[in-house]
Structure formats: structure tokens, C-alpha cells
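>>> Below are the sequence and a predicted model; questions follow.
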Amino acid sequence: MFDGASRQVTKPASTRVAMFGGTYDPVHIGHLRSAVELREALMLDHVHMVPAHVPPHRNDPAISGQSRLEMLRLGIGDTPGLIADDRELSRNGPSYSVDTLACLREAYGDGACLIMAVGHDAFLKLAQWHRPERLFELANLVVIDRPGHTGALPHELVDLIRERMVETPEALMASPAGRVLRMALSTALPISATDIRARCRRGESIRYLVPDAVASYLEVSGAYRE
Ligand code: ATP
């Protein structure tokens, strides 16, 4: 596994962009540190953080897409290179990553290195996603280690990633799409949105689990408190 703390030194010639999709219900510092470290370790120009409108593989989000997007914007603030991307919220129907990647591929062109970043828990379900083979025609995959989420890979996933695994960012970037890199963060954080929603419901503090601006937004709006 690639250790995200070891950086590349030479500035890449082509554009490098990642899509980091999620429910962001709400965004927390586990998401944001992952995006920052991913960008630094792989020298990415941009990380598009894309809240799902209707996530296809899980329960509907607890609050509206607009509120999740607003918190994502607040959470990102002026962090260089991170983008709160509303393209899935403005599409009707299920938010398939394959459609979002196709949209980004069109925007950045065939020469760009396009990456789909997912946490390890999301990766374990990848074989059930919509058109998983197509994902690999459009992008490379970076799997971010997530504390507390381990476990054996399902058979279909093993088949899907066979011949695709690489060990270094250089090997990943040598192809515009189709390769898989596992990455360890230097600040892995066992934080989840599920836990944050539960704390809000119980009236407990969520300070320092989310950016201050997000904590204030949640306090004022009363979201997740029922
Ligand atoms: P929930 O608890 O509601 O399932 P979540 O905290 O897992 O939410 P999501 O919005 O579902 O957050 O996750 C978006 C992406 O971020 C997924 O790929 C997920 O694996 C990843 N991710 C979430 N939390 C972390 C974390 N603490 N560290 C690394 N990756 C994370």
C-alpha cells in the first residue's frame, strides 16, 4: 500500500483531477483531511467533492441536498484545490458515479489523469455499483484506508480489480484510467457521519469532528436533532 505521507517531487505535466463523491450528511474532517492528503500526495490540481442527490446504494440522506452542499462549501472554505461540486444535485434520478466521471472526463479532456477516490468501506461494495467496468474505462481508482473498515474483499471485487492494482502514484498516473492504488493517510481519522448525526440527535457536541463553520450551521439549523 502507498503511504500518503511520501510525496512526489516533480510537478506533473498533465492535469490531474479527482472525484471524491459521498453523501456528506454532513461533511466531517475525515472527508476533508482525506481530500487534502490525497491532493498533496498525488499532486492533484483539483479534488471535486460531489454530494450525491439520490445515493443508489444506501438510504436517502437525512437532510436536503442543498443543506449538505452548503455545509460542504462551509467546510471547504478557502482550502486550495478542493471544490464543492453540485453536478449530481442538479441531475435528476440516482447519482451514478459513472455519469459524473463521464462529465468530468468531458470537461478535462482525454489527456487528463482522472481519479475516483473512495474510502475502503465504499470500495468493498464497488462491484455492486452501476457499470463498474465502465468506471475503469473512465478513471483510475484510489482507495483510501479508513480506520475500522477492513475485511476480506468480496469475490466479484477481486475479479474486478485483477490486473489493475499498482503500488505507486507514478504507476497509477502512467495510465489515464483503469488502475487501482491503495493509499494510507498519515492522519487516518475514525470519524463517520453516522456518529455525528447520532451525537446531534442526543444533543451532544460535535465540535472538532466537523469544521467550526459546519458545527455552527448545524447548531443554528437544528438539523439531525429530530
Ligand atoms: P455515513 O456514516 O453516513 O455512512 P460517511 O462518514 O461514511 O457517512 P460518506 O459521505 O458516506 O461519509 O463518505 C463519502 C466518502 O468518504 C466514502 O468514499 C467514504 O468511504 C469516505 N470516508 C468517509 N469518512 C471517512 C474517513 N473518516 N476517512 C476516510 N474516508 C472516509
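Done, it's in.
>>> what sits up against the lowest-mean-pLDDT helix or strand in the chain?
Least confident helix or strand of the chain, by mean pLDDT, DSSP states H and E, is strand 2-3 with a mean of 80. Residues from elsewhere that reach strand 2-3 (C-beta atoms under 8 Å, 6 or more residues apart in numbering): 41, 167-169, 181-184, 186. From N, CA and C alone the C-beta is placed, and that goes for glycine too.
>>> do stretch 80-98 as well
19, 21, 32, 35-36, 39, 44-56, 65-66, 69, 72-73, 76, 99-100, 103, 116, 129-131, 134-135, 138.
>>> Just give me how far it sits from the chain centre.
11 Å (C-alpha atoms, centre = their mean, to the nearest Å).
>>> quick one on the thing from earlier: paired strands for the helix or strand just after the least confident helix or strand of the chain, with orientation please.
For strand 2-3, the following helix or strand on the C-terminal side (DSSP states H and E) is strand 16-22. Its sheet considered, strand 16-22 pairs with strand 46-51 (parallel), strand 113-119 (parallel) by DSSP bridges.
>>> Would you mind telling me which of these is nearest Arg146?
strand 113-119 (4.4 Å; C-beta to C-beta).
>>> how about the closest one as CSV, C-alpha atoms only?
Backbone C-alpha positions of strand 113-119 (Å, rounded to 0.1, in the frame of the first residue of the first chain) are rendered in CSV as follows:
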residue,chain,number,x,y,z
CYS,A,113,-5.5,11.8,-15.3
LEU,A,114,-8.9,11.3,-13.7
ILE,A,115,-9.1,9.6,-10.4
MET,A,116,-12.1,8.3,-8.5
ALA,A,117,-11.3,8.3,-4.8
VAL,A,118,-13.3,6.2,-2.3
GLY,A,119,-12.9,5.1,1.3
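>>> and the helix or strand following it, what does it pack onto?
Following strand 113-119 in sequence order, the next helix or strand is helix 120-123 (DSSP H and E). Judged by 3 or more C-beta pairs under 8 Å, 6 or more residues apart in numbering; DSSP states H and E, the packing partners of helix 120-123 are strand 140-144.
>>> can you give me the angle the strand it packs on makes with strand 113-119?
Going by axes from the mean of the first three to the mean of the last three C-alpha atoms, to 10 degrees, strand 140-144 is angled at 30 degrees with respect to strand 113-119.
>>> So what's the gap between strand 140-144 and the chain middle?
9 Å.
>>> next SSE after that strand?
Assigned by DSSP H and E, the successor of strand 140-144 is helix 155-161.
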